[in-house]
Structures are given as C-alpha cells and as structure tokens.
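*Asks:* Structure for the following, please:
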Amino acid sequence: MTTPDKKIAIVGAGVFGLSTALHLARNGYRDVTVYDYQPYDQNAYSPFDGCDAASADVNKIYRCSYGDETEYQDLAFSGRPIWLEWNAAIASTPADKLPRGLTPSTKLFEDCGFMRISSDAVMSDYDKHCISELEKVGLKHHQHVLTDVEDMERLWGKEGNWRPKVAAFAAFTEGKRDGFMDTSAGLTYADKSCTWARYLCEKAGVKFVLGPLKGKFDQLVVDTSTGGKVVRGLKTADGKTHPADVVIAAAGGWTPSIVPEVSGALETTAGSVVTIQLPSHRKDLWDKYSPKNFPVFAYGLTGHESPEYGGFYGFPRTPEGKIKIGYRGRKWTNYQSQAATGRRLSVPKTKYTADPQVNLPLKAITNLKAVIAEMFPDLTAVGITDTRMCWYTDSIDNNFLIDYVPGYDDTLFVASGGSGHGFKFLPVLGKHVVNALEKKNDQFTPLWRWRTAKPGEHANGLEEGEFGGRNLADLEMATEADWKFPNTVERSKL
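*Replies:* Sure, this is the predicted structure:
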C-alpha cells in the first residue's frame, strides 16, 4: 500500500498522469515527480508542435450519458462543476500569471451540447439506456429526443442557442434518423486543459522532468536480490537513475511497451481523425460551425459496438477555425518487436515517431469523406487539410486499468486503459487513482482492478492480435491525393 511518505514517480504527463499527480499532492504526498519525453513546458501540449499523446489534442468530447454504465455517468457529472470552476479561475487570472499557451479568454470546457444521431429511424438501445438511466436519477431534463415533440419544445425554451444546433443536422436526420440532444455535454479543449492541470500540479508541489532525453523513460530499475521483483525507480534516456518507492505507468499508448505485463488487458490502438481548416474569408462557415451555433455530434456510436460503417464523431470549430471529425468504427494497431524482450506489441506510430506515419488507412479516410459529404456538403469544397492517428490504450472491456501490477510487491502501478473516453475525467480521476494506490475501495476501484482476457472470449479486439486485419503493416494507406472529395463518395466496406 502506498502512503504519503513514499517517493512517487509517474511516467506520462497526459490526463491519467496529471490527474494522479494533482490528487496525490492534494492528499499530502510531498515527493511526486512526473517524467515525460515531451517538453510540455515549452510546446504547451500542442499537437502541431511535436506532441503525439492522445491527451495532446485540440478537443475531446465531454459527455455524462453512458448507457447502463452508470459509474462513468456519475464520474462525469462529479467533474462538471470543476470544469466550470477552472474556466472561471483562468478568466480571473492576469495574463502574466498564466502558463504558456493560456490567456484569460481561454476556455477549457465548452457546454455547447452533444447531438447523438442513430444509424436509422429507430433510436439505438444504447441511446435508450442513456436516457432511461439519467431519468432514474432525475437528470432527464438534459436530454431532448429529436422525434419527441414535447422534448423539443422543452429544448426551445431553454437558455442557449439550440435551434441552429439542431438545424445543422436537419437535412441528415429528418425522417431518416432518430437521436437526442444532450444539453449537459459539450467539449473540452484538451491541450489547454493539460497545460492548466500541469500548472495546478506545479503550484501544488509536483515536480516535472520533461524533455527528449532527461524526461524520456528508458527502463525500470528492478531489484531481484530478495528472490522477487521490487521496482526501485527508473532510468531515463540521458542515463540517469531516479530512485522511487512506487513507479506509476500512466503513459497512454506507450504503457504496454513500458509494462509488458498489461498486454493481456490493454492494447494500443488508434482512431482516425481528419481536420478541416476553415478559410478566414468564409464568415458563413465560421458562424455556422462555431460552438455558439453547432454542437459536438456522434453518428452511429452505440456504446462498445458500432454498425459496420458507424462510429463517427465531430466538433464545432476551434477558435482557430479547425473542425475535427473522427472515425472509431474500426481501430488500428501497429505491432512491433520489443528490443528488450522480442515480444510483439502494438505501439504508437505517429507523424512524430522515429518511423513516421503521416496518413490514415485508406478505408478510414474513404469512410470519413463519405460521411462528411453526406452530413456537411458545404465542407467538401474546403476539403481535408490534415490527418492524425490518435493512439489510445483500449482495455478488454473499455473500463480503465488502475491497479498494482502483480508480482512487484506493490512498487509498480498502472493507470491506463483510457479506451478513448478518459479525458473528460481529468479533474476527478486522480482522486480514485489515489484510493486504488492506498487500497481504499470506492465506487470505481473494483471496476478498474487488474484483470486479463480469458482465451477465446471477446476482448474489445485484443483477441484478434496482430493478424486480425487491423495492423498498419497489412493495410493500404492513403496519400494526400486521397483527401480530395470526388463528386460522389461511397463508404468503404471493411
């Protein structure tokens, strides 16, 4: 069990690492150090300045609707007031007191709403569960079903600019697809949020060792002199050894390569993202797709299972005019042999890794173009201006993995398995990580305990391994020429 007198080393300064560090410091831990190879103090988590962690992104969906997974519903709602407090705190802080990348006008949380669109005229079972579970706890007033006249009248009477947000999808949904608008939801600006959380950590006494040599994890320092395995710290790429009583691996998509023991529970996978940069002279598009007039949306996302072509999501424009649209109907892997063990594991391959990946699988961009053309034909003339593979760790059941690694005498701990839905919990996740470290049960710690897939069972794609048709080495990759929109676009059968 970990106690406040212990020396803690955290590998990874993304959402899991930052939230853990912040709550450790607020719980009396005075010797917490976070290591990361990115110079986040200089690049402010910008995905356009060398940052390739999933947390270093322009935006993430914030939602409280979780079907029958009510634990995450509760966790999301518990964090919502803190997101609003953070907005207010930044707005009231003088510009010269804020960290690089933030100004008093920066918002971390935008409560612009979340439009969930079903694949057909019947609402999915998952969306029905979202509404029924919120109704059970008196929160149905946030949900407005598109085909329910009374629900929509309630929406029109609410404060906020809801009519244009629904109208933006009218041609796509009317008479063909059901869904609902969730007014409790919206988006978080991920890079800005991480910058703020790191600032709060430093104010609370957390130390950061950042940079491509001094902050980059090299290996664990493992003591086997007693016959077992005890982690005594870690080495970084500059050759230095950093003693620690407990090492926490919170490295997102890099976690399995740091702690190979998690390979039975976690797999590094990538979603596919495109960006459309609005031209500065197109005021009509800047207005239409602003958070004031346009919500976050999801089409065909039905919990853990999506239709064959489903699994699309998108955002209003950023303050810089970037519209991000993503596809998670199929998640990609990149299996490589690990130098130390020879084990084959999926690891991130980004436009900034040593072996860069600068484009998406052709199937992904074909499906994205088809959906953009169908939903937002006015964006096809602008065209795709950038692509990104966003690398997460998927767990076997989409629940996080937050527990001690067996066999290391409570000296090695994992906080990972974000499964593409972890970012919204940045303000509160670390509270429950600390409980797990201290072996205190709460509502969430049993859900996140150590577990591995059983042979032959469905394990969120992990059971497919390297040869299930998702490995980048086996896929036809797109080129920049494939970004262009033809007159008609058909979805690619996967």
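*Asks:* what's across from the closest residue to residue 423 other than its chain neighbours in the sheet?
*Replies:* Nearest non-adjacent residue to residue 423, counting by C-beta to C-beta, 6 or more residues apart in numbering: residue 60, 4.0 Å away. All C-beta spots, glycine's among them, are computed from the backbone N, C-alpha and C. Residue 60 has these beta-bridge partners by DSSP bridges: residue 188.
*Asks:* Enumerate every residue touching residue 9.
*Replies:* Residues counted as contacts of residue 9 (C-beta atoms under 8 Å, 6 or more residues apart in numbering) are 33, 35, 233, 234, 242, 244, 246, 247, 248.
*Asks:* so of the residues you listed, which ones are in strands?
*Replies:* 33, 35, 233, 234, 242, 246, 247, 248 (DSSP state E).
*Asks:* which ones are touching residue 77?
*Replies:* Neighbouring residues of residue 77 by C-beta under 8 Å, 6+ apart: 64, 139, 184.
*Asks:* if we go to 7 Å?
*Replies:* Contacts for residue 77 were tallied using C-beta atoms under 7 Å, 6 or more residues apart in numbering; they are residue 64.
*Asks:* Can you classify it as helix, strand or coil?
*Replies:* Following DSSP: H, G, I helix; E, B strand; the rest coil, the label given to residue 77 is helix.
*Asks:* Please tell me how far it sits from residue 15.
*Replies:* As for residue 77, its distance to residue 15 is 18 Å (criterion: C-beta to C-beta, to the nearest Å).
*Asks:* and residue 424, that one's in a helix?
*Replies:* Yes - the assignment for residue 424 by three-state DSSP puts it in a helix.
*Asks:* Leaving out sequence neighbours, find the closest residue to it.
*Replies:* residue 62 (4.6 Å).
*Asks:* Residue 73 versus the one you found, what's the distance?
*Replies:* To residue 73, residue 62 is 13 Å away according to C-beta to C-beta.
*Asks:* Which one of those two is surrounded by more residues?
*Replies:* More crowded of residue 62 and residue 73, by other C-beta atoms under 10 Å: residue 62, with 26 against 20.
*Asks:* Contacts only, for the more buried one.
*Replies:* Residues near residue 62 by C-beta under 7 Å, 6+ apart: 109, 185, 186, 187, 188, 424.
*Asks:* on that earlier part again, isn't the residue nearest to residue 423 up against residue 421?
*Replies:* No - contact criterion C-beta atoms under 7 Å: residue 60 and residue 421 do not qualify, at 8.9 Å.
*Asks:* quick one: which of these two has more around it?
*Replies:* The neighbour comparison of residue 60 against residue 421 (other C-beta under 10 Å) goes to residue 60, with 25 against 17.
*Asks:* Tell me who's in contact with that one.
*Replies:* Neighbour list for residue 60: 187, 188, 190, 423, 424 [criterion: C-beta under 7 Å, 6+ apart].
*Asks:* and residue 386, how many neighbours?
*Replies:* By other C-beta under 10 Å, the residues close to residue 386 number 17.
*Asks:* Check residue 471 too.
*Replies:* Residues near residue 471, counting by other C-beta under 10 Å, number 18.
*Asks:* Show me what it is bridged to.
*Replies:* Residues in a beta bridge with residue 471, per DSSP bridges, are residue 333.
*Asks:* Give me the pLDDT for it.
*Replies:* pLDDT, residue 471: 97.
*Asks:* what residues are up against it?
*Replies:* So residue 471 contacts 333, 334, 335 (C-beta under 7 Å, 6+ apart).
*Asks:* Next one: it from residue 294, what distance?
*Replies:* Relative to residue 294, residue 471 is positioned 36 Å away (C-beta to C-beta).
*Asks:* do the same with residue 34
*Replies:* Look at residue 34 and residue 294: by C-beta to C-beta, they are 36 Å apart.
*Asks:* I'd like the contacts of residue 471 laid out as JSON lines, including distance to residue 285.
*Replies:* Shown next, in JSON lines, are the contacts of residue 471 (distance: C-beta to C-beta, whole Å):
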{"residue": "333", "distance to residue 285": "35"}
{"residue": "334", "distance to residue 285": "35"}
{"residue": "335", "distance to residue 285": "40"}
